[in-house]
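Colleague: Quick one, what's the 3D model for this:
(one chain, ligands or ions: 1)
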Amino acid sequence: MLDLAIIGGGPAGLTAGLYATRGGLKNVIMFEMGMPGGQITGSSEIENYPGQGSVMTGMDLMASWPEQCQKFGLKHEMAEVSNISKKGDNFLVKTAEGKEYEARSVLFATGSVPKKAGFKGENEFFGRGISTCATCDGFFYKGKEVAVIGGGDAALEEAYYLAKMCSKVYLVHRRDTYRAAPSTIENIKKSANIEEVTNVSVEEVLGDASGVTGLKVKCNKTGETRDLPTPGVFVFVGRHALNAPLKQEDGTFLCDMNENGEVVVDLKMRTNVKGLYAAGDIRIEAAKQVVCAAGDGATAAVDIIEYLG
Ligand code: NDP
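Modeller: Predicted structure coming up:
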């Protein structure tokens with residue numbers, strides 16, 4: 001029997017693991033099918049994590065977190081959790097490979113995955129010129145032109161990052177105002193090789209057997225189309241909550257969710273089901289910042305220790 005099953009190995013899951021094990025829980029497993037670290041490891045420049053004065057990659061920021069947790073006894077199971085259900089007072093955690101674990105408490109911290117923008121050719125050319133990770137794929141476009149789609153923090157930060165290695169970045173946005181931090185917008189405005197292509201909808205990605213060759217956009221005001229000659233297209237149009245393991249056989253969710261598929265929690269990260277917690281980007285009203293996800297994880301762990309005690 002586990003004291004705590006943590007689902008997800010991002011900043012929320014890792015911090016919960018650290019606080020839970022250091023706080024005395026003996027049998028804690030963090031289920032994470034990939035390398036721990038979470039979605040932030042795909043970010044190219046982090047400059048807002050408190051205490052880290054220099055700009056660093058998400059990968060560098062997260063590098064030491066797993067080891068710190070393991071020191072206190074957190075175990076990592078490289079497995080995909082497919083379902084979580086109630087079993088008496090406890091929970092049953094099932095993995096995609098068919099393994100089952102019983103746990104007295106569960107922290108759900110699965111985060112989210114990138115959304116598709118929905119233009120023609122997006123699926124066909126994904127991985128062949130279309131990407132959702134500038135740190136992973138930006139290098140392939142060194143000295144070349146790329147397009148970045150979106151108008152939020154992710155799109156603008158990654159456009160700024162790409163502008164340092166690419167000859168030109170087209171920042172393609174469906175409106176003419178952004179929903180990013182003012183300092184990030186300022187960076188964009190100051191970059192000589194970023195062209196803002198605003199008030200447009202993306203019609204389709206152009207390409208052939210070699211991959212992407214361009215992007216066709218249509219002006220929302222005039223209806224005029226324009227072909228941007230770029231072999232690389234980076235899509236940052238928001239994220240989807242990864243809530244599938246909470247779905248029950250009858251199609252309902254194990255706990256209360258909001259209309260965006262995010263888990264409803266209180267200030268201690270408790271769901272409406274006793275012993276079930278959620279933390280990080282998967283919960284309602286998440287600020288979607290590493291420091292906030294880590295804070296959520298610590299908050300949840302402190303309450304879980306009290307709950308189990
Ligand atoms: P956001 O939801 O903030 O922004 C998504 C952007 O994509 C919006 O500009 C939206 O347009 C546009 N968009 C959405 N759907 C489409 C579509 N189908 N076609 C074209 N454009 C589309 O997502 P982000 O991933 O940027 O950020 C998520 C959260 O994470 C935010 O809270 C953000 O602040 C945070 N974040 C913080 C960072 C940091 O502080 N360092 C770094 C990255 C993210 P519209 O504006 O018109 O709706």
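
Colleague: For burial, what's the neighbour tally of Met165?
Modeller: 17 (other Cβ atoms under 10 Å). Glycine gets a C-beta too; all of them are placed from N, C-alpha and C.

Colleague: The one 5 residues further on too?
Modeller: Per other Cβ under 10 Å, the neighbour tally for Tyr170 reads 22.

Colleague: That one and Gly150 touch, don't they?
Modeller: No: with contact defined as Cβ atoms under 8 Å, Tyr170 does not reach Gly150; the gap is 12.0 Å.

Colleague: Can you classify Val302 as helix, strand or coil?
Modeller: Under DSSP: H, G, I helix; E, B strand; the rest coil, Val302 falls in the helix class.

Colleague: Just give the closest residue to it, not the sequence neighbours.
Modeller: With Cβ to Cβ, 6 or more residues apart in numbering as the criterion, Val302 has its nearest non-adjacent residue at 6.3 Å, and that residue is Tyr19.

Colleague: list the buried ones in the lowest-mean-pLDDT helix or strand in the chain?
Modeller: In the chain, no helix or strand scores lower on mean pLDDT, DSSP states H and E than helix 134-137, which sits at a mean of 86. By 16 or more other Cβ atoms under 10 Å, the buried positions in helix 134-137 come out as Ala134, Thr135, Asp137.

Colleague: Kindly report the same for stretch 119-139.
Modeller: 119, 121-122, 125-126, 129-135, 137-138.

Colleague: Any idea how far apart the tips of it sit?
Modeller: The first and final residues of stretch 119-139 sit 24 Å from each other (Cα to Cα, to the nearest Å).

Colleague: neighbouring contacts of it?
Modeller: Residues from elsewhere that reach stretch 119-139 (Cβ atoms under 8 Å, 6 or more residues apart in numbering): 42-44, 57-59, 114, 116, 146, 148, 158, 161-162, 165-166, 201-207, 211-213, 231-236.

Colleague: ok, and the closest non-adjacent residue to the closest residue to the ligand within the stretch 101-250 of the chain?
Modeller: Nearest residue of the stretch 101-250 of the chain to the ligand (Cβ to the nearest ligand atom) works out as Gly152 at 2.4 Å. Distance criterion Cβ to Cβ, 6+ apart; nearest residue to Gly152, sequence neighbours excluded, is Arg179 at 5.1 Å.

Colleague: Confirm that Leu162 lies within a strand, as I assumed.
Modeller: No: counting by three-state DSSP, Leu162 is not found in a strand; it is helix.

Colleague: Check the burial of it by counting its neighbours.
Modeller: 28.

Colleague: With Leu254 instead?
Modeller: Around Leu254 there are 22 residues (other Cβ under 10 Å).

Colleague: I'd guessed it sits against Gln248; true?
Modeller: Yes: checked against Cβ under 8 Å, the pair Leu254 and Gln248 is within contact range at 5.9 Å.

Colleague: show me the contacts for the spatially most central residue of the chain.
Modeller: Central residue of the chain (Cα atoms, centre = their mean): Gln39, 4.0 Å from the mean position. Shown in contact with Gln39 (Cβ under 8 Å, 6+ apart): Gly10, Gly111, Ser112, Val113, Arg239, Asp281.

Colleague: Those: which ones sit near the ligand?
Modeller: When contact is defined as Cβ under 6 Å from any ligand atom, the contacts of Gln39 meet the ligand at Arg239.

Colleague: secondary structure class for Thr110?
Modeller: coil.

Colleague: For the stretch 201-309 of the chain, just list every one of the strands.
Modeller: Applying DSSP state E, counting those that start in this stretch to the stretch 201-309 of the chain gives strands spanning 211-219, 225-228, 232-235, 239-241, 276-278.

Colleague: picking that back up, name the next helix or strand following the least confident helix or strand of the chain along the chain.
Modeller: strand 145-149 (DSSP states H and E).

Colleague: That following strand pairs with which strands, parallel or anti?
Modeller: Strand pairing for strand 145-149, using DSSP bridges, gives strand 168-172 (parallel), strand 232-235 (parallel).

Colleague: In TSV, list those along with distance to the ligand and mean pLDDT.
Modeller: Formatted as TSV, the strands paired with strand 145-149 follow (distance: least, Cβ to the nearest ligand atom, whole Å; pLDDT from 0 to 100):
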stretch	distance to the ligand	mean pLDDT
strand 168-172	8	98
strand 232-235	8	98
